[in-house]
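Q: Structure of the sequence below:
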Amino acid sequence: MLSSLTMMPQTDTACPPGARGHLAADGHPGRLRGALPFLLTLAAALMLATPVQAQETRTPRTELLSWVLAVVGDSAVLRADIDDQLDLWRQQNRREPTPDELPELEAQILEDRINELLLLQAAQRDTSIHVEPEDVNRAVDGRIAQVQAQYGSATALETALAREGLTIQSYRETLAAQTRREMYVQAYMNKVRRNRRPPPVTDAEIREYFTAAAAQNQVPQVPPTIVFEQVVIPIKASDSAVAIARQKADSILTLIRVERQDFAQLARRFSEDPGSRDLGGDVGWFRPGSGFVAEFERAAYLLRPNDVSEPTLSAVGFHLIKVDAVRGPERKARHILIRPVITEADAQRARAVADTVLARLRAGARADSLRRTYGDPDERTRVGPIPRDSLPGQYAAALAGLQRGDLAGPFQLEGGVPQWVVARIVETNPARPATVEDYRDFIRQQIAQGKLYEEILGELRRRTYIDIRRPPGEPGR
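A: Here you go, the predicted structure:
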């Protein structure tokens with residue numbers, strides 16, 4: 001478990017400053033950033049194999065790769081599976097395993113592969129779990145873009161793949177198969193976690209976990225943090241601009257309902273959400289409380305599959321929403337976003353309000369009172385403690401070097417909803433050594449999820465046929 005520990009301090013980052021309306025991709029009604037992801041450890045079996053030049057010391061492959069090492073239900077683990085993961089280990093560690101390491105490493109890879117197959121088969125037996133091809137393709141596109149960025153260009157990536165005997169198409173197909181398996185397993189684990197309470201975790205287990213991580217230098221010190229109060233003043237479009245945007249949204253709705261034009265094509269043509277426009281407005285699967293803007297979420301949950309909403313106004317603009325599918329409490333939707341035009345006069349009008357807020361803060365007014373009078377009521381007044389190096393860009397620049405009692409702003413936020421912010425520093429803390437209390441909640445989550453994972457695997461093993469026919473390192477007969 002320690003190998004997967006990425007220690008993070010328990011700071012108040014569940015809703016970053018200025019987050020309501022600062023959407024996942026500049027207007028995309030997407031999930032707010034900041035939540036810790038669930039870390040499902042499947043070791044090398046689920047890792048992204050980044051192509052690199054083959055090691056010169058690799059043993060040439062032989063017909064031994066066709067050996068069946070284990071049977072799990074209706075699937076087999078081949079010697080080739082183990083060798084592929086050994087290649088990945090060599091690439092990641094940039095060396096060969098020692099003779100002492102190799103047997104344990106191969107045994108762990110085999111165990112991980114068996115566990116992956118157990119979870120994958122359970123997910124595929126569950127008729128409520130679906131993995132959409134477009135979700136797989138989107139994830140693969142993202143992975144290839146990341147790898148391409150590491151290599152510097154598409155040509156450099158293709159050259160590296162060619163050295164491994166691969167093409168970009170064959171690499172994509174391999175990633176797609178792997179990603180589909182990962183999504184099935186993750187969906188299965190998410191369902192289990194929603195419906196099943198994880199095993200309890202004791203204080204002694206938390207302290208033992210922390211002590212072991214600290215002994216292996218896996219516990220970074222707590223970084224410098226800051227606490228501040230803020231008043232966020234949205235820059236609102238004029239009534240005439242809102243009316244023009246509403247007329248445009250109504251005309252697009254007519255194209256959908258009367259002329260029966262394709263929603264996805266209209267999204268690519270008209271939507272002003274760069275995060276979903278090229279995807280035909282697709283925002284994927286979501287559930288209540290996923291971080292979508294409230295107006296969008298409320299409207300989506302009133303629709304049946306293939307229904308299209310009336311123009312729905314949020315802080316971002318007007319949304320036309322189409323629900324593609326329903327799966328229990330989840331919805332899969334598309335939207336077309338039409339933004340009212342915000343002028344410089346609108347920005348200066350909001351700036352004048354921000355100047356008033358700054359003057360009243362200097363005079364000793366309370367920030368929460370000013371927020372109720374002048375600010376966005378859906379934005380929090382108090383933020384933090386939050387690591388200084390985790391502040392969004394405009395906050396980081398505006399609050400740099402400030403100490404307790406200092407005022408900042410007005411400074412402008414750009415993105416989903418343009419806003420002015422005025423802030424007052426409440427508290428600053430220097431970096432310091434971490435204690436178990438800094439990571440208690442995070443460690444409890446990790447231990448609990450690890451216990452639940454082991455419970456699930458134990459149950460699946462008891463009801464699945466498993467035959468380990470030959471340990472990975474055993475010579476052939």
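Q: for the one helix or strand residue 425 maps to, packing partners?
A: Counting by DSSP states H and E, the element that carries residue 425 is strand 419-429. The contact analysis (3 or more C-beta pairs under 8 Å, 6 or more residues apart in numbering; DSSP states H and E) places strand 419-429 against strand 225-234, helix 344-362, strand 382-387, helix 393-399, strand 407-413. All C-beta spots, glycine's among them, are computed from the backbone N, C-alpha and C.
Q: What distance do you get for residue 376 to residue 316?
A: To residue 316, residue 376 is 13 Å away according to C-beta to C-beta, to the nearest Å.
Q: And residue 413, by the same measure?
A: Computed as C-beta to C-beta, the residue 413 to residue 316 distance reads 13 Å.
Q: Same drill for these two, tell me which one is more crowded.
A: Legend: neighbour count by other C-beta atoms under 10 Å for residue 413 and residue 316, higher for residue 316 (25 against 22).
Q: ok, the more buried one touching residue 293?
A: Yes - between residue 316 and residue 293 a contact is recorded at 6.4 Å, counting by C-beta atoms under 8 Å.
Q: Tell me which strands the helix or strand containing residue 283 pairs with, and in which orientation.
A: Residue 283 belongs to strand 282-286 when assigned by DSSP H and E. Sheet pairing here is set by DSSP bridges, and for strand 282-286 it gives strand 330-338 (antiparallel).
Q: Mean confidence (pLDDT) on the partner strand, please.
A: Taken as a whole, strand 330-338 carries a mean pLDDT of 92.
Q: Can you point out the buried residues in that strand?
A: Using 16 or more other C-beta atoms under 10 Å as the test for burial, strand 330-338 gives 331-338.
Q: do stretch 301-316 as well
A: 303, 308-309, 311-316.
Q: sorry, back to before: quickly compare the helices and strands packed on strand 419-429 and say which is most buried.
A: Among these, ranked by average contacts under mean count of other C-beta atoms under 10 Å, first place goes to strand 225-234 (a mean of 24).
Q: and the direction of that strand versus that of helix 344-362, what angle?
A: For strand 225-234 against helix 344-362, the angle by axes from the mean of the first three to the mean of the last three C-alpha atoms, to 10 degrees is 130 degrees.
Q: I'd like the next helix or strand past strand 225-234.
A: Strand 225-234 is succeeded, C-terminally, by helix 239-257 (DSSP H and E).
Q: With just CA atoms, put that next one into CSV.
A: Taking Å, rounded to 0.1, in the frame of the first residue of the first chain, the C-alpha atoms of helix 239-257 are listed here in CSV:
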residue,chain,number,x,y,z
ASP,A,239,-30.0,43.2,-20.0
SER,A,240,-29.9,43.8,-23.8
ALA,A,241,-26.9,41.5,-24.2
VAL,A,242,-28.7,38.8,-22.2
ALA,A,243,-31.8,39.3,-24.4
ILE,A,244,-29.7,38.9,-27.6
ALA,A,245,-28.2,35.7,-26.3
ARG,A,246,-31.6,34.3,-25.4
GLN,A,247,-32.8,35.1,-29.0
LYS,A,248,-29.9,33.2,-30.4
ALA,A,249,-30.5,30.2,-28.1
ASP,A,250,-34.2,30.2,-29.1
SER,A,251,-33.3,30.2,-32.8
ILE,A,252,-31.0,27.2,-32.3
LEU,A,253,-33.8,25.4,-30.4
THR,A,254,-36.1,26.0,-33.4
LEU,A,255,-33.5,24.3,-35.6
ILE,A,256,-33.5,21.3,-33.2
ARG,A,257,-37.2,21.0,-32.6
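Q: which helices and strands sit right next to that helix?
A: helix 263-270, strand 318-327, strand 330-338.
Q: how about the ones you listed in JSON lines, adding distance to residue 283?
A: Putting those into JSON lines (distance: least, C-beta to C-beta, whole Å) gives the following:
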{"stretch": "helix 263-270", "distance to residue 283": "10"}
{"stretch": "strand 318-327", "distance to residue 283": "9"}
{"stretch": "strand 330-338", "distance to residue 283": "6"}
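Q: Do a quick rundown of the helices in the stretch 51-200 of the chain.
A: All helices of the stretch 51-200 of the chain, identified by DSSP state H, counting those that start in this stretch, fall at 79-93, 101-125, 133-151, 154-163, 168-195.
Q: quick one on the thing from earlier: would you mind checking which of the buried residues of stretch 301-316 is nearest to residue 278?
A: residue 316 (17.8 Å; C-beta to C-beta).
Q: Please determine how far the closest one is located from residue 247.
A: Per C-beta to C-beta, residue 316 is found 18 Å from residue 247.
Q: a strand runs through residue 443, doesn't it?
A: No - counting by DSSP: H, G, I helix; E, B strand; the rest coil, residue 443 is not found in a strand; it is helix.
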